[in-house]
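Undergrad: Sequence and predicted model, in that order:
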Amino acid sequence: MFELLGVPPQVLMGQLLLGLINGSFYAVLSLGLAVIFGLLNIINFAHGAQYMMGAFAAWMLLTYVGVGYWPALIVAPLVVGAIGIVLERLMLARLYHLDHLYGLLLTFGLALIIQGLFRNYYGISGLPYQIPASLSGGYNLGFMFLPTYRGWVVVASVIVCFATWFIIEKTKLGAYLRAATENPVLVGAFGINVPRMITLTYGFGVALAGFAGVLAAPIYSVNPNMGADLIIVVFAVVVIGGMGSIMGAILTGYGLGLVEGLTRVFYPEGSAVVIFVIMAIVLLFRPEGLFGRAG
Amino acid sequence: MIRNILIGTALATLAMNPALAQEINVKLGVLNDRSGVYADLSGEGSVIAAQMAVEDFKAADKGMKVEIISADHQNKPDIGSSIARKWYDEEGVNAILDVPTSSVALAVADITAEKNGVLINSGAGSTELTQGQCKPTTIHWTYDTAALANGTGKALTDAGGKKWFFITADYAFGQSLQENTAKVVEASGGEVVGNVDAPFPTTDFSSYLLQAQGSGADVIGLANAGGDTVNAIKQASEFGITQAGQKLAALLFFITDVQALGAQTAQGLSLTSAFYWDRNDATREWSKRFMERHGAEPTMVQAGVYSGTLQYLKAVEALGSAEDGKAVAAKMKESPFDDPLFGKGSIRGDGRAIHDMYLYEVKTPAESTGEWDLYKEVATISGEDAFLPMLEECDFTKQ
Amino acid sequence: MAIAEDTVKTGPLRESIGMPRLHKVIFLVLLGLALLLPYGVYPVFAMKVMCFALFAYAFNLLLGFGGLLSFGHAAYFGGASYVAAHAAKVWGLTPELSILAGTVAAALLGLVIGALSIRRQGIYFAMVTLAFAQMVYFFALQVPFTGGEDGIQSVPRGDLFGLISLRSNMALYYFVLAITFGGILLIYRIVHSPFGQVLKAIRENEPRAISLGYQVNRYKLIVFTLSAALAGLAGATKSQVFQLASLTDVHWAMSGEVVLMTLLGGMGTVFGPIVGAAVIVTMQNYLATFGAWVTVIQGAIFVISVLLFREGIVGVISKWLKRPL
């Protein structure tokens, strides 16, 4: 049996699998950011707050209405997405003619408000949310014990990412979207309601964040700050991938999850910064990002 | 005109109440986190605890006029120290209570010594407060990291948990918690089989937990705090680590955290605390009144604010004045206390309050009879064993 | 060092020639107010306002005049405050040398991060600076000399030039006032120099500036480094005032705060950052009793500023007076 730098292959396999699970969250979140950026040219700083809202929506549905995990997986993203649509109509829509930086500043302010309000009403300790009974337990894979729920996270994220990619790259609706990114005026002239498309796209991107939040609720602590630091890592993921392509955002998300998983075995102290270090290296040699279009 | 009326009223009250001439004015400031990570375990609850202390002390009947103000230091030392300075300089505050977050606590301790107030710290865990950066005006009431390490480390090793693996938050607090605990474990005949430094904060602990699982340790020590500990415990249960027989020891954990996890997930967890509401009749009676006003059971930090305030008021009464902080602190150290919540104990020359600590285990859902029925007592750690020995240069009673 | 020479050469005399009379009057009024301030306001609070005014001013140099939104300025502010605190406490340096050490450290940090960050523009630039600042934060959290979450405490106030004691709040206040005012005038001078004009040209139309033969990236890097150094000056001074350095100053929330101050006061205006810093610091001071609502209120100010008055307080006044302020 060979060992890699003193780490037996079973352990390595286990850690890679865990990295993939984390990568699933990165992928769904950076995908949402990339979709929003693609059409609105806005960096959605509130993405982390909206991810947190997804987790809270699931918790509220269970606690106040008695709606369980599976319906919440559909309902919570819809609710969060709807809130996103309202925000877009009331606020973001007024900024499209301005420098894109204003969008960043506005969403930053929104993130502060949302997180602050949740802190006021729910405190900071976090709230319990159990793994649904149908997904509890786990499988012994020989090299590790894989909780069923973690496996489900990977499956669910792959399905959602692929479906999004398919819609945008392969369907007529997606073609309109991409066309509107290139030339909104011309697309409008063909009788397509571009502002409504923008609104729905923002809602969809936000709903993706909410979806990731519901996925996270049973395994991470549901608390108002859960998205605050994550969003910065996801920003770095997006910079590394470049926002040129949907597939780029997805692959970078999974890939960096794997890299982070490896770091946790070989140099755990560095696992928080490894993504930022990679970002610095990518900026040095390929400033437009791994999948970005130059220029 | 207005001033005349005011003077008139003041004279009238003076005339009516001859005792007023000797009335002792005391102003207490509760300085803690009201919005951040420590808001639930200190926050408004600590203010209520301080108010209850004033009421239970019957300050008004003893000719003492006690006023309590409060503020949020947002866990930022610069904000905390400017509030503390302003309180001492402009508001005439005599003592500052609670102050969680060690960076803020140390800054406030400095200012308190300079302004001759008293700091009765309940919320912060740094041993520095009574060791390296000790001050004659600092009283450290509830716990410190050494006491937690001693409690959990010794009791669990004695109970058969010989092999330890640490998951440590990679910064000063986590490192010192691990170091302290490791020493105790080894002194009690256990061994440390490994450790992993996790960045702070971390949301996903699965990778570290698997390393801990593979180490074959009996006990996994979590040298971290707050949300990190909650996540680690949640995920340990998910990966079947506790079910497989390894024990989890949270080195810094509060009842509000346990409640956030739920008994289902937290069951079997070992932790050290200075206070639990359901320990005896006195704690139950007080906690019931606290619950009515705050809507949650008290944490040890909030209980510590109550007891610290009570002892402080006694010292002020004995001295007849709250002006000289150094004198009040010295008075507090003079005689041992018998506190309704913390039992018998004393305050050492360095300001460290010495009282028993308790090792608790979180009940299983089957054992728990209610939302807050969470702990069962496993062992009592006497105050002498729990806290670090006093440094010679910090014994202010001899200076 | 080139900067220092520049100020020496131009001196206060030349500077006053280039300054519109209105600005001169306002600066004098501000100085007069600042000289009297500690008699009316608590000096430590006044010093805090000044440190943040300088910080916001340095930030405005980059955003308002360079057109670059950095979301990681806490790295230089906080980094310098650690270095200055360490220098004063462990190396036993005098206050002015400690502050200088912090400023130099911030300049070097700014040079490295700036060189990498200016490879991207606009929103990417903001995200990249944020990510680097986060690296600095993790670094500060883990290395032993920063004291982790305890921070560096009990920094001695020391003697200025080894002669004048700064232990009293008043003495320290005038020292801080001198630094702040000096820093602000220096930035004013930079902005209104030929260098500042090129910066403005780059901000307005980068391709045009390139076609005119300007080495745009070099200008950007210089202004980035200058801004980092001056933010560092503010942070280093703050560490001497509060006698501590802590993680708060390197956290990304601090980067957000300085953006808020500049935005609220009016970005690209001369006096905006000072006003913005004064408003925000005062607000934090008086809202401390409101607890968790502070972040909500700050967020609301952000949203309102972006939606309703993007010119900021000073920008609005300046429009009203029809004079650039």
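TA: Cool, got the structure.

Undergrad: now check stretch B:295-308, is it near chain C?
TA: No: using CB under 8 Å from any CB of the partner chain as the criterion, no contacts between stretch B:295-308 and chain C are found, and the smallest distance is 15.9 Å. (C-beta placed from N, C-alpha, C; glycine too.)

Undergrad: Residue C:265: what's it in contact with?
TA: Contacts were defined as CB atoms under 8 Å, 6 or more residues apart in numbering or on different chains; by that measure residue C:265 touches C:56, C:271-277, C:279, C:312-314.

Undergrad: again, but for residue C:46
TA: Applying CB under 8 Å, 6+ apart, one finds that residue C:46 lies in contact with C:34, C:37-38, C:173.

Undergrad: quick one: residue B:222 is in a helix?
TA: No: the assignment for residue B:222 by DSSP: H, G, I helix; E, B strand; the rest coil gives strand, which leaves it out of any helix.

Undergrad: separation between the residue of the stretch 151-300 of chain C found nearest chain A and chain B?
TA: Per CB to the nearest CB, the residue of the stretch 151-300 of chain C with the smallest distance to chain A is residue C:299, at 3.0 Å. Residue C:299 sits 13 Å away from chain B, taking CB to the nearest CB, to the nearest Å as the criterion.

Undergrad: Was I right to think that residue contacts residue A:109?
TA: Yes: with contact taken as CB atoms under 8 Å, residue C:299 and residue A:109 are classed as touching, separated by 4.6 Å.

Undergrad: Please say which of these two ends up with more neighbours.
TA: Set residue C:299 next to residue A:109 and count neighbours by other CB atoms under 10 Å in any protein chain shown: residue A:109 wins out with 27 against 24.

Undergrad: Can you tell me the SS state at the more buried one?
TA: helix.

Undergrad: that older thread, will you turn the contacts of residue C:46 into TSV that also has neighbour count and pLDDT?
TA: What follows is those, written out as TSV (neighbours: other CB atoms under 10 Å in any protein chain shown; pLDDT from 0 to 100):
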residue	neighbour count	pLDDT
C:34	19	89
C:37	19	86
C:38	19	85
C:173	21	93
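
Undergrad: ok, of the contacts of residue C:265, which come out buried?
TA: With burial judged by 16 or more other CB atoms under 10 Å in any protein chain shown, the buried subset of the contacts of residue C:265 is C:56, C:271-277, C:279, C:312-314.

Undergrad: Out of the residues you listed, the closest to residue A:233 would be?
TA: Taking CB to CB as the measure, residue C:56 is the one of these closest to residue A:233, at 27.6 Å.

Undergrad: Just give the nearest non-adjacent residue to that closest one, would you?
TA: Nearest-residue entry for residue C:56: residue C:273, 3.5 Å, with adjacent residues in sequence omitted and distances by CB to CB, 6 or more residues apart in numbering or on different chains.

Undergrad: With residue B:395 instead?
TA: Beyond its immediate neighbours in the sequence, the residue positioned closest to residue B:395 (CB to CB, 6+ apart) is residue B:349, lying 3.6 Å away.

Undergrad: Would you check that that neighbour makes contact with residue B:393?
TA: No: using CB under 8 Å, residue B:349 and residue B:393 do not qualify as a contacting pair, with a distance of 10.4 Å.

Undergrad: Residue B:87 contacts residue B:29, correct?
TA: Yes: the pair residue B:87 and residue B:29 passes the contact test of CB under 8 Å, sitting 4.8 Å apart.

Undergrad: All set now, cheers.
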